[in-house]
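Colleague: please find the sequence and the predicted model below.
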Amino acid sequence: MKFYPEGCNESLSRRFDSVEQLRQTMVSGDILEGKVLLCDREHNLHIDLGGVRGIIPRAEGAVGIEEGTVRDIALISKVNKRVCFSVMGFEKDIYNNYIALLSRRSVQQRCINEYLSGLTAGDIIDAAVTHLERFGAFIDIGAGINALIPIDMLSVSRISHPNERLFEGEIIKTVLRKREPEKLTFSLKELLGTWQENAARLQPGETVTGAVRSIEEYGVFIELAPNLAGLAEPREDLFVGQQVSVFVKSVIEEKMKIKLVVVETFDTVAPPSPLNYFISCEHLDFWQYSPYGAQKQIYTDFTGQD
């Protein structure tokens, strides 16, 4: 069974007019989603179900909350966002109104047992970007369970912060890079094309846009795509992240080099380049970025990573 990142499957978001409708979902074991209206002082999550009140008790808010391996900020941060849950039962408040007792933890445990436990290194899945830190991007890989894409696995082109590549809330494809007993590590760069695939979109004599990624004494590295960069001669009026237009002087495949000339500079910081996926399969055993016969070989071998 496939589990989606929270908020990505509209069919799970339903409104209920009666307790009986909710009771039917409990009997059938349905997975649902709803928006968190409030996180109260006890860190219980109050859910918008329509005509019936719903509460996810703190202990049922996430796998690891009760054990102390997940902090309560993981619950607080869900206010005004959709979360998944199943119906555990019902109780009445002091006014004799029914309250639906919900569990997000049980859905996450199902996701682990029925979906994530079966993934192997090289498997490609959908994920949602939840948070960006300097060291990498946190992603929801199913039912609100988080994993990390380290910054050096976001692209072949080097960046100083993940916000140069992704934005929070973005839906992406990602590949499982490494599996450890308590941690799954993912990667993005293997899905964004080889050097040849990206360079094939360029022709000498063209002028294209790019982003300044690194300024060295011997030249300036300009990102032309997430997995492709070229080198231009040094200039004093450039800054890292700057948007520029560049003239493609030459493309040298055997050296994986693209020589550029900066034509015009802009005062704006370049926005993240659109992600173009060059992979349509659901699993990779091996990926080679560099052209065969190139002086430098860059590749990822997913076999034996488990």
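Modeller: That came in fine, so what should we check first?
Colleague: for the lengthiest strand in the chain, which positions count as buried?
Modeller: When the chain is parsed with DSSP state E, its longest strand is strand 257-269. By neighbour count on 16 or more other C-beta atoms under 10 Å, the buried set for strand 257-269 is 258-260, 262. No exception for glycine: its C-beta is placed from N, CA and C like everyone else's.
Colleague: from the residues you listed, which is closest to Phe221?
Modeller: For these, the closest approach to Phe221 (C-beta to C-beta) belongs to Leu260, at 9.3 Å.
Colleague: I'd assumed Gly210 was in contact with that closest one.
Modeller: Yes: assessed by C-beta atoms under 8 Å, Leu260 is found in contact with Gly210 at 7.5 Å.
Colleague: list residues touching both of those two?
Modeller: Common neighbours of Leu260 and Gly210, using C-beta atoms under 8 Å, 6 or more residues apart in numbering, are 222, 230, 246.
Colleague: which of those ranks first by neighbour count?
Modeller: Highest neighbour count within those, by other C-beta atoms under 10 Å: Ile222, with 27 neighbours.
Colleague: how about it: what's its closest non-neighbour residue?
Modeller: Counting by C-beta to C-beta, 6 or more residues apart in numbering, Gly210 is the residue found nearest to Ile222 once chain neighbours are left out, at 4.1 Å.
Colleague: and the one you found, what helix or strand is that in?
Modeller: Secondary structure assigned from DSSP states H and E places Gly210 in strand 207-216.
Colleague: point out where the stretch 51-200 of the chain drops to low pLDDT.
Modeller: Across the stretch 51-200 of the chain, nothing is flagged by pLDDT under 70.
Colleague: on that earlier part again, parallel or antiparallel, list what pairs with the longest strand of the chain.
Modeller: Sheet pairing of strand 257-269 (DSSP bridges) gives strand 228-232 (parallel), strand 242-252 (antiparallel).
Colleague: tell me which of the ones you listed lies nearest to Gly169.
Modeller: Nearest of those (C-beta to C-beta): strand 242-252, 22.9 Å.
Colleague: give me the contacts around that closest one.
Modeller: Outside of strand 242-252, the residues within contact range by C-beta under 8 Å, 6+ apart are 199, 202-212, 222, 224, 230, 232, 238, 257-271.
Colleague: about what we covered before: deepest in the core, which of the strands paired with strand 257-269 is it.
Modeller: Most buried of these by mean neighbour count (mean count of other C-beta atoms under 10 Å) is strand 228-232; its value is a mean of 22.
Colleague: avg pLDDT for it?
Modeller: Across strand 228-232, pLDDT averages out at 97.
Colleague: now the angle from that strand to strand 207-216?
Modeller: Computed by axes from the mean of the first three to the mean of the last three C-alpha atoms, to 10 degrees, the angle separating strand 228-232 from strand 207-216 equals 70 degrees.
Colleague: and the contacts of strand 228-232?
Modeller: Under the criterion C-beta under 8 Å, 6+ apart, residues 156-158, 193, 195, 198-199, 210, 213, 219-224, 246, 248, 257-262 lie in contact with strand 228-232.
Colleague: this completes my enquiry, with thanks.
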